[in-house]
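In: Got a sequence here, can you model it:
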Amino acid sequence: MKEQQGNRISSGIIAAVSVAVIAVSGALAYHVFNSGSNEISPKPNPNITGQANTPNKQINPAEQKAEVYWLQDSGTKLSLVPQTVTLPQGEPNKVLEEAFSKLLAGPTEGTGSTTIPKETKLLGVKVTDDGVHVNLSEDFTTGGGSSSMMGRVGQVVYTATALNPNAKVYIEVNGKQLDVLGGEGLELEQPLTRESYKQNFEL
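Out: A predicted model of the protein is given here:
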C-alpha cells in the first residue's frame, strides 16, 4: 500500500516538472523567434539621415519683386514709368541697394530713359523709422536743366519707395541732406513722398 502511494507521488512530481519544462521551453522559443525577426527586419529610424526613406529636399533661394523708375518722353512731357525687377530676398536695405544699383547702371533697351548722370554712385541707402535715406555722390547734382533735375528726383523718390509707396524719402549728397539741387536752384522740401512730388513738381 505504501509502495503504491510512493509511486503515485513520484508520478505526480514528474508530471509537474515536465509541465514546467515545457512552459519554459515555449517561452524561450518565443523570445528567440522574436529576437531573430527584429534582427532581420529593423525599423528605419527617422532621426538618422541618409536612409532610403529620407527625402532629399532642395531649397531654392527666395526672390522678390521691386520697381525701378525710368523717364518716358511722350513728346510734350516726361512721365515716370516703372520697370519690375526680380531681386534676391533680403532686408529692405539690401533690396533697395540692389534696386538703386540697377537704376544707376542706366536703362536697358525698351525701358525708358534717365536724367541721372551716369557718374552718380550710390554711397548708401538705409531704411529707418523716419523713412528711407538715399546717399548719393555729388555727381547727382551736375548737368541738365530744371526738367532734368525734377526727373532725376522723381526717379530716386519712386525707386526708394518701391517697397513702401507711402514711405518718406530723404535725399543726401555725400552724407548731407540735399535742400537745393542744381544751378537753377531746385528746392527740395524734405522729406519727399510720392504725393508731395506730384504736388510740387511737374515734368
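In: Relative to Q190, how far out is D139?
Out: Separation of D139 from Q190 (Cβ to Cβ, to the nearest Å) stands at 20 Å. (C-beta placed from N, C-alpha, C; glycine too.)
In: is it true that G183 lies in a helix?
Out: No - counting by DSSP: H, G, I helix; E, B strand; the rest coil, G183 falls outside a helix, being coil.
In: tell me, how many neighbours does it end up with?
Out: Using other Cβ atoms under 10 Å, G183 has 13 neighbouring residues.
In: now swap in Y69 and tell me
Out: As a measure of burial, Y69 has 24 neighbours, counting by other Cβ under 10 Å.
In: Now it: phi and psi?
Out: Dihedral angles of Y69 (phi, psi; degrees, to the nearest 10) stand at phi -110, psi 130.
In: thinking it is in contact with A160, fair?
Out: No - counting by Cβ atoms under 8 Å, Y69 does not reach A160; the two are 9.5 Å apart.
In: For stretch 116-131, measure first residue to last.
Out: 22 Å (Cα to Cα, to the nearest Å).
In: tell me which residues of that stretch are tucked away?
Out: Within stretch 116-131, the residues that count as buried by 16 or more other Cβ atoms under 10 Å are I116, P117, T120, L122, V125, V127, G131.
In: swap in stretch 169-180?
Out: By neighbour count on 16+ other Cβ under 10 Å, the buried set for stretch 169-180 is V169, Y170, I171, E172, V173, L178.
In: The third one sits in which helix or strand?
Out: This points to I171. Element membership for I171 (DSSP states H and E) is strand 169-173.
In: Show me what that strand is packed up against.
Out: For strand 169-173, the helices and strands in contact under the criterion 3 or more Cβ pairs under 8 Å, 6 or more residues apart in numbering; DSSP states H and E are strand 131-136, helix 146-160.
In: Right, I'll call it a day here.
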